[in-house]
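In: no sequence on hand, only this structure:
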């Protein structure tokens with residue numbers, strides 16, 4: 001993984017200091033606290049509302065998010081995204097309140113074989 005994770009504890013962690021469990025914790029904390037998460041993905045800064053975090057059948061750690069702002073390689077700046085955690089960089093929970101769950105959200109995301117946390 002690349003990037004830096006800023007935890008709610010005021011810690012800045014480099015990739016050599018953390019593993020997937022930190023990413024999972026940050027994403028799940030944003031979901032549970034109802035905060036928007038800011039991160040870099042595909043070269044774009046994104047603000048997202050986390051709805052579910054888990055693992056695909058290929059064991060890729062992913063999160064199902066509603067992107068509320070920023071760029072996207074798909075040219076769709078707002079809407080549903082499935083983001084791989086190993087492709088994300090720099091995540092921080094903001095003070096912006098999440099409006100999750102968004103229309104169309106279904107618990108038990110079919111893209112995930114194992115769910116770590118969800119709304």
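Out: The structure has been received and is ready for your questions. Not measured: the values here are computed from a predicted model. Numbers count the residues shown, from 1 in each chain.

In: would you map the helices across the protein?
Out: Listed in chain order, the helices of the chain (DSSP state H) span 20-33.

In: those strands in it, which residues are they?
Out: Taking DSSP state E to define them, one finds strands in the chain at 5-6, 12-13, 35-41, 44-55, 61-70, 79-84, 88-97, 114-118.

In: residue 102 and residue 58, how far apart?
Out: Distance, residue 102 to residue 58, using Cβ to Cβ, to the nearest Å: 26 Å. (Glycine included, C-beta is placed from N, CA and C.)

In: neighbour count: those two, which is higher?
Out: residue 102 (15 against 8; other Cβ atoms under 10 Å).

In: quick one: contacts for the nearest residue to that one once chain neighbours are set aside?
Out: Once flanking residues are discounted, residue 102 sits nearest to residue 66: 4.3 Å by Cβ to Cβ, 6 or more residues apart in numbering. Going by Cβ atoms under 8 Å, 6 or more residues apart in numbering, residue 66 touches 48, 49, 51, 79, 80, 81, 100, 102, 105.

In: could those go into JSON lines alongside pLDDT and distance to residue 117?
Out: Output for the contacts of residue 66, formatted as JSON lines (pLDDT from 0 to 100; distance: Cβ to Cβ, whole Å):
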{"residue": "48", "pLDDT": "96", "distance to residue 117": "15"}
{"residue": "49", "pLDDT": "97", "distance to residue 117": "13"}
{"residue": "51", "pLDDT": "98", "distance to residue 117": "10"}
{"residue": "79", "pLDDT": "93", "distance to residue 117": "21"}
{"residue": "80", "pLDDT": "95", "distance to residue 117": "17"}
{"residue": "81", "pLDDT": "94", "distance to residue 117": "17"}
{"residue": "100", "pLDDT": "96", "distance to residue 117": "12"}
{"residue": "102", "pLDDT": "97", "distance to residue 117": "16"}
{"residue": "105", "pLDDT": "96", "distance to residue 117": "14"}
